[in-house]
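Undergrad: show me how the following folds:
(one chain, ligands or ions: 1)
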Amino acid sequence: MTKASLTPRSLAAQAMGKVDPTTRGVVPPIHIATTYLRDEDNGYSTGFVYGRPDNETVREAESVLAMLEDARAGALLFGSGMAAATAVFQALDPGDHVIASRVMYWALRNWLLTEATRWGLNIEFVETDDLSSLKAAIRPGETKLVWIETPSNPLWTITDIEAAAGIAHAAGARLAVDSTCASPVHTQPLALGADIVMHAATKVLNGHSDVVAGVLCAREDDEFWQRIKTIRKMQGGILGPFEAFLLIRGLRTLHLRQERQAASAMALAERLSAHPMVARVLYPGLPQHPGHDIAARQMKDGFGYMLSIQVTGGEAAAVRTAANVALYKRATSLGGVESLIEHRASIEGAGSPCPPDLLRLSTGIEDVDDLYDDLDEALKAGA
Ligand code: PLP
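TA: Have a look, this model is predicted:
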């Protein structure tokens, strides 16, 4: 059996089979050095020069991530999802036109509106789940980047990655995908034609709510990817070695966690659809979800761990429901082994497409009946 014939699940479980070369320990050590010895001829034959660009533990985590995304050009880890995402926009030139999904992680949308525009980027927000809107907005030769998030936080709209890549490429633009809420277990955007895939590795990739990290994976090692590498190297956005070690540890169980989380999210979506205090369930696994057919095509082994509900009693009932959970944790973030509930509109503020009666649910690995009972009791108490 060769390494090339092994599945991503097997390769991730053993973190690419890497062992400690000194002791043959099955878990490689955490490399913490900030500087490395030069050769006698003054060179750096190991390829390790200085800790800001070069760290072996970070590279080990990157090799697992590049394998999971089938990223020919490799992966680059950053100190947060936002650091990874903003590096892509910083690699553009002033005046470049950018199209971004209107429904996306709110902090990135705010950064694009407030900071990216100060650097001269011309950002246009579009409902990218509607391909005709994307086609109408794209400006051949002028649009340099299409940024989509799918499923998109917190409404879980679905953008057709393959079609969006076709539209972007025909206009001379790149396609970047925030795939945080799909994870490489369910979707591989690069295989569908995307140029760059980004994850907040803080979420399900690490999976234990104890690391803040972000990653970019690229298909082509081109001039744009080199610019992003330079930005990380010069601006010092690299992830720390201890966080990289924890991330590797999390990635070893990614497939197990994801399967369980997606199965539980599907079961919760179905059961909550019949709940009298739930007006609407937003989950791409449900056949009535507007993006279901595309999701069924571009996602495999489930539809992810994130869903939202809109409660019949409106905003006040939604806030009361969140106040009454016992097992769910009332906290922001997503993707951990513990289930989280959050009233998103209170966080996202004015300008957000998030309805006020919406509660976002991140599904963990607890017993799914316990999760349902907790929501059922909280919905009844909140009504
Ligand atoms: N993208 C998505 C979809 C997210 O949900 C988040 C965080 O919640 C981010 C990006 C940003 O990641 P981080 O918090 O690690 O900066």
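Undergrad: in the chain, what residue is nearest the ligand?
TA: Nearest to the ligand in the chain, going by Cβ to the nearest ligand atom, is Gly81, at a distance of 2.3 Å. C-betas here are computed from N, CA, C, even on glycine.
Undergrad: for the nearest residue to that residue once chain neighbours are set aside, phi and psi?
TA: Counting by Cβ to Cβ, 6 or more residues apart in numbering, Gly81 lies nearest to Ala200, which is 2.7 Å off, once chain neighbours are set aside. Backbone torsions of Ala200, given as degrees, to the nearest 10, read phi -80, psi 100.
Undergrad: ditto for the one 10 residues further on
TA: Comment: the main-chain dihedrals of Asp210 come out as phi -140, psi 10, following degrees, to the nearest 10.
Undergrad: got it, and Val215?
TA: phi -140, psi 140.
Undergrad: contact residues of the stretch 1-150 of the chain facing the ligand?
TA: Ser80, Gly81, Met82, Tyr105, Leu108, Glu149 (Cβ under 6 Å from any ligand atom).
Undergrad: mind checking which of those residues are in helices?
TA: Gly81, Met82, Leu108 (DSSP state H).
Undergrad: burial check on the last one, number of neighbours?
TA: Here the neighbour count serves as a burial measure; for Leu108 (other Cβ atoms under 10 Å) it reads 23.
Undergrad: re earlier: hmm, the residue of the chain closest to the ligand is touching Cys181, no?
TA: No - using Cβ atoms under 8 Å, Gly81 is not in contact with Cys181; the gap is 11.4 Å.
Undergrad: compare the two (neighbour count), which wins?
TA: Cys181 (27 against 24).
Undergrad: ok, the more buried one touching Met306?
TA: Yes - between Cys181 and Met306 there is a contact under Cβ under 8 Å: 4.9 Å.
Undergrad: next, show the common contact partners of these two.
TA: Pro151, Asn153, Trp156, Leu334 (Cβ atoms under 8 Å, 6 or more residues apart in numbering).
Undergrad: what about the residues you listed, which one has the most neighbours?
TA: In the shared contacts of Cys181 and Met306, the most neighbours by other Cβ under 10 Å go to Pro151, 31 neighbours.
Undergrad: circling back to that earlier point, so which of the shared contacts of Cys181 and Met306 reach the ligand?
TA: Asn153, Leu334.
Undergrad: reformat the shared contacts of Cys181 and Met306 as TSV; add pLDDT and secondary structure.
TA: Listed next are the shared contacts of Cys181 and Met306 as TSV, based on pLDDT from 0 to 100; DSSP: H, G, I helix; E, B strand; the rest coil:
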residue	pLDDT	secondary structure
Pro151	98	coil
Asn153	93	coil
Trp156	97	coil
Leu334	98	coil
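Undergrad: residue ranges with poor pLDDT in the protein?
TA: 1-2 (pLDDT under 70).
Undergrad: center of it, which residue is that?
TA: Nearest to the mean C-alpha position of the chain, counting by Cα atoms, centre = their mean, stands Thr180 at 1.4 Å.
Undergrad: burial of the spatially closest residue to it that is not a sequence neighbour, as a residue count?
TA: Nearest residue to Thr180, sequence neighbours excluded (Cβ to Cβ, 6+ apart): Ala200, at 4.5 Å. Other residues lying near Ala200 total 29 when counted by other Cβ under 10 Å.
Undergrad: residue contacts, Ala200?
TA: Contacts of Ala200 (Cβ under 8 Å, 6+ apart): Ser80, Gly81, Met82, Ala84, Tyr105, Asp178, Thr180, Ala213, Gly214, Gly335.
Undergrad: I'd say the first one and Thr202 touch.
TA: Yes - between Ser80 and Thr202 a contact is recorded at 6.7 Å, counting by Cβ under 8 Å.
Undergrad: between these two, what contacts are shared?
TA: The contact lists of Ser80 and Thr202 share Val212, Ala213, Gly214, where a contact means Cβ under 8 Å, 6+ apart.
Undergrad: just list whatever residues bridge to the last one.
TA: The one in question is Gly214. Note on Gly214: beta-bridge partners Phe78, Ala200, judged by DSSP bridges.
Undergrad: got it, and Thr157?
TA: Ser152.
Undergrad: count the residues that sit near it.
TA: There are 27 residues near Thr157, going by other Cβ under 10 Å.
Undergrad: list the contacts of it.
TA: Applying Cβ under 8 Å, 6+ apart, one finds that Thr157 lies in contact with Ser101, Val103, Glu127, Asp129, Thr150, Pro151, Pro290, Gly291.
Undergrad: could you dump the ones in helices among the residues of the stretch 1-150 of the chain next to the ligand into CSV and include distance to Pro241?
TA: Output for those, formatted as CSV (distance: Cβ to Cβ, whole Å):
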residue, distance to Pro241
Gly81, 19
Met82, 20
Leu108, 26
